[in-house]
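Q: Pasting the sequence and the predicted coordinates here, then a few questions.
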Amino acid sequence: MRRHERLIVAAAVLGLFALWEALVRMGRLDASLAPAPSTVVESLVRLAGRPEVLASLGVTAWEVLAAFLVALPVGLLLGFLLAEVPVLGALFRPLVNFLFGVPKSIFLPVFILVFGVSIPQKIAFGVFTTVFVLIMGGIAAVQSVPRELITVSRVYGATRGQIIREIYLPAMAPILLESARLGMVFNITAVLLCEIYGARDGIGYRIAAWGENLQMPQLYAALAIVAAAAVAVNEALRAVETRLGAWRQRT
Amino acid sequence: MTWPERHLRLAQAILYLGILAAWEILPRAGLVPRLFVPPLSEALGALVADHREYLGSLPTTFGEIAVSYLIVCGGGILAGQLVGSSGTAQRMLLPVLRSAYAVPLVVLYPVMMVWFGLGSQSKIAFASIYAFIPTMLTAVAGVGALSPALAETARAFGATRVQQILYVALPASLPSIVAALRLGGALVIVGVIVAQMLGAAEGLGFLITRHRTLLNSPGVYAGIVLVLLITGLHEILLRGLERKVAAYRQGA
Amino acid sequence: MTRALVAICGVSQRFGAGESGVTALDSISLEIPDAQFVAVVGPSGCGKSTLLSLVAGLRLPSSGTVLCDGEPITAPMPRKVGMIFQEANLLPWLSAVDNVAFPLKLRRVAKAERLAAARRMLELTGLAGFEDRLPHQLSGGMKQRVAIARGLVQNPAVLLMDEPFASLDEQTRMVLGDELLRIWSETRKTVLFVTHSLNEAVYLADRVVVLSARPGRVVDDVLVDLPRPRSFAMAASERFGALKDRIWQHIKSAERA
């Protein structure tokens, strides 16, 4: 985006919020449905000071992190195996493709049946949702390594370890990071879905509770926090992805 | 070294049959608690036995899906075409939309429930929002893939703006429009079902949740199987449509 | 008589087994003395590239041996044999100088030393000033120069080149051909140069080996007695044409067979 376009977009966004504020104050927008941004900001500041709220955020963050740390190595390793071992790939790829296309959210009740409403349940569901993205990413990453480069390395006397370190890893890095980023998006959504569906803690649980009790300013404030956190994580991962993938040029 | 085709097909068939067999046998043998995974036959049996209940949930569900489908595919694709045809719009909006993709939209459902209550409106609103951006992004990508050479050729032959859109832009974007429909449709179906699971008075998702609270595993699985059938059917239909449309397109 | 640097002794190469097997090369014997520029030509599928991969140590011959400096080649010998491919095959995430230094990095040569060697090679191939460019910032011809520099950086005695100019446009091909001859005359490597182009073969080489269609056998071994340095004008001479024609007769009859 060019600089002046950036300003236009920023101005438009601010303008929308200003309009929202004005409509509420004029009584044209029902404050019990959509409280004024100023009220939401006030609520946000207050929430940030309440330890229980911070604790809930911590619980959610912990679930997201734990699920990701499990799904990442498992998914990538499975992806590598499926891509590198032709027999395994040929056998299991159709199954994996099918499962990848199936919406995972509908299996949430099964996880509650198995684990009950608990933190392990949410982590398990997060892993389940995320792992398929990472498997596909692992497969794509391995397949993206240009085979000719391996031949070149062999001619120049590279050992197996050197081929993995010097060829595979740099070649795979951009796709691996991209699937990690996408996986994280799915992961966060999955964990929050669990918390809204049925949980005893976590920010999603609080969001659902505030909704039920029609505590709109708190609800909107929490939405803002969650949205900001998710976007921040995504952009951070994207920045790393761009940096490590600068050598990829699309003609 | 990879196996010959025949062996692979045989091995795959054995694998998949094995999975289905395990689904049936392991719970029956007590190796897997029936609460967690009921035997396949019981799940299907529940579907058949309570078929009136399940079928009864479909009209509402399909209705909500249909309306959301129209909004998302109509609006999303149209918006995508418009944005895609303007370089400035793309530059300004796409980064914002791509960042917005990361927001876990599921958290909006409680808001929808406050605004619209438990009825169909909240499901439609949620599913529409949930599916809108990805569908729009797919449509934009399709417009971008349009070869400028085609448009120039049309102009060289004296086509008016309208003719250009009707005879060049539209047929050329058809494959990506169908691709957007396929993605949007899948997301809409999931969006409606999930919304029904989260808070509703009726619908397939509501049924699944109810069976879960009653610890009726076969009932839960029956519902899931039904959802899978619906998404599977949608997928098959749209893939067929995609193939048809791509066949009309001659190259480029 | 100069001792052969590269000796190919009765080499045959079969792929696959039994009925469905394919014999790519059949009893090839060649002796290549030090510092000779040898071109290998032949119809498509005659096994030229397979021959190169045997000398590179990328595969073992089904029968016969390939010797380099008296030693049988059983695995890649990066310090003796460098190879350049049709596609430059540069590592896209490394700059030109890092790409050239790559073989040295594999041998764990210290950073300062290998970068210095790489820079010297880039200068030799006419790319001074482009050290820090990434491959996507280089033209096709420049990428091949980097590949050639990479092939030379370990100062191998033998340089294998598998249709290195095939994917470049004609003008770049001509420029690079002259560049290659300049580098060869300065460094005196033994070159084995596979090409489809008879022009290229006669223009560049001291000697042109002609292979038959599959299974590849040596059907002719032509000494190119044109003086060096070669010039564009020579390509129009009668002698040049006669040499080309002699080679072409073999290939023509092979393609028709």
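A: Yes, it's here. Numbers count the residues shown, from 1 in each chain, chains lettered A, B, ... in the order given.
Q: can you give me the strands in chain C?
A: Secondary structure of chain C (DSSP state E): strands located at C:4-15, C:22-33, C:37-41, C:63-68, C:71-72, C:81-84, C:158-162, C:190-194, C:207-211, C:218-223.
Q: Return the distance of the third one from the chain's centre.
A: Between the mean C-alpha point of strand C:37-41 and the mean C-alpha point of its chain there is a distance of 8 Å (CA atoms, centre = their mean, to the nearest Å).
Q: Can you list the buried residues in it?
A: Using 16 or more other CB atoms under 10 Å in any protein chain shown as the test for burial, strand C:37-41 gives C:Phe37, C:Val38, C:Ala39, C:Val40, C:Val41. C-beta: built from backbone N, CA, C; applies to glycine.
Q: of these, closest to chain A?
A: Lowest distance from chain A to the buried residues of strand C:37-41 (CB to the nearest CB) belongs to C:Val40, with 17.6 Å.
Q: gap between the closest one and C:Val158?
A: 14 Å (CB to CB, to the nearest Å).
Q: Give me the pLDDT value at C:Ser167.
A: Per-residue pLDDT puts C:Ser167 at 89.
Q: cool, and C:Gly64?
A: pLDDT, C:Gly64: 89.
Q: Could you double-check that it lies in contact with C:Arg14?
A: No. At 11.5 Å, C:Gly64 does not count as touching C:Arg14 under the criterion of CB atoms under 8 Å.
Q: Could you pull up the residues touching B:Ala43?
A: B:Ser217, B:Pro218, B:Tyr221, B:Ala222, B:Val225 (CB atoms under 8 Å, 6 or more residues apart in numbering or on different chains).
Q: Of these, which ones also sit close to chain A?
A: B:Ser217, B:Tyr221 (CB under 8 Å from any CB of the partner chain).
Q: Tell me the helix or strand right after the helix or strand B:Ala180 falls within.
A: Element membership for B:Ala180 (DSSP states H and E) is helix B:170-198. For helix B:170-198, the succeeding helix or strand toward the C-terminus, using DSSP H and E, is helix B:204-213.
Q: tilt between that following helix and helix B:170-198?
A: 30 degrees (axes from the mean of the first three to the mean of the last three CA atoms, to 10 degrees).
Q: Name the next helix or strand downstream of helix B:204-213, please.
A: Trace forward from helix B:204-213 with DSSP H and E and the next one is helix B:217-248.
Q: Show me what that following helix packs onto, helices and strands only.
A: When contacts are defined as 3 or more CB pairs under 8 Å, 6 or more residues apart in numbering or on different chains; DSSP states H and E, helix B:217-248 sits against helix A:108-115, helix B:40-49, helix B:51-69, helix B:170-198, helix B:204-213.
Q: Can you list the buried residues in it?
A: Residues B:217-227, B:230-231, B:234-235, B:238, B:241-242, B:245 are the ones in helix B:217-248 that count as buried (16+ other CB under 10 Å).
Q: and what of stretch B:167-183?
A: B:168-169, B:172-183.
Q: before we move on, what about stretch A:205-225?
A: A:205-211, A:215-225.
Q: same check, this time on stretch B:78-93
A: B:Ala79, B:Gly80, B:Gln81, B:Val83, B:Gly84, B:Ser85, B:Gln90, B:Met92, B:Leu93.
Q: how about the residues of the stretch 1-150 of chain A that lie near chain B?
A: A:1-2, A:5, A:8-9, A:33, A:86-87, A:90-92, A:94-95, A:101-103, A:105-110, A:112-114.
Q: In helices, which of the residues you listed appear?
A: A:5, A:8-9, A:86-87, A:90-92, A:94-95, A:101, A:108-110, A:112-114 (DSSP state H).
Q: Buried subset of the residues you listed as a ChimeraX selection?
A: Here is the ChimeraX selection string for the buried members of these, based on 16+ other CB under 10 Å:
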select /A:90,91,92,108,109,110,112,113,114
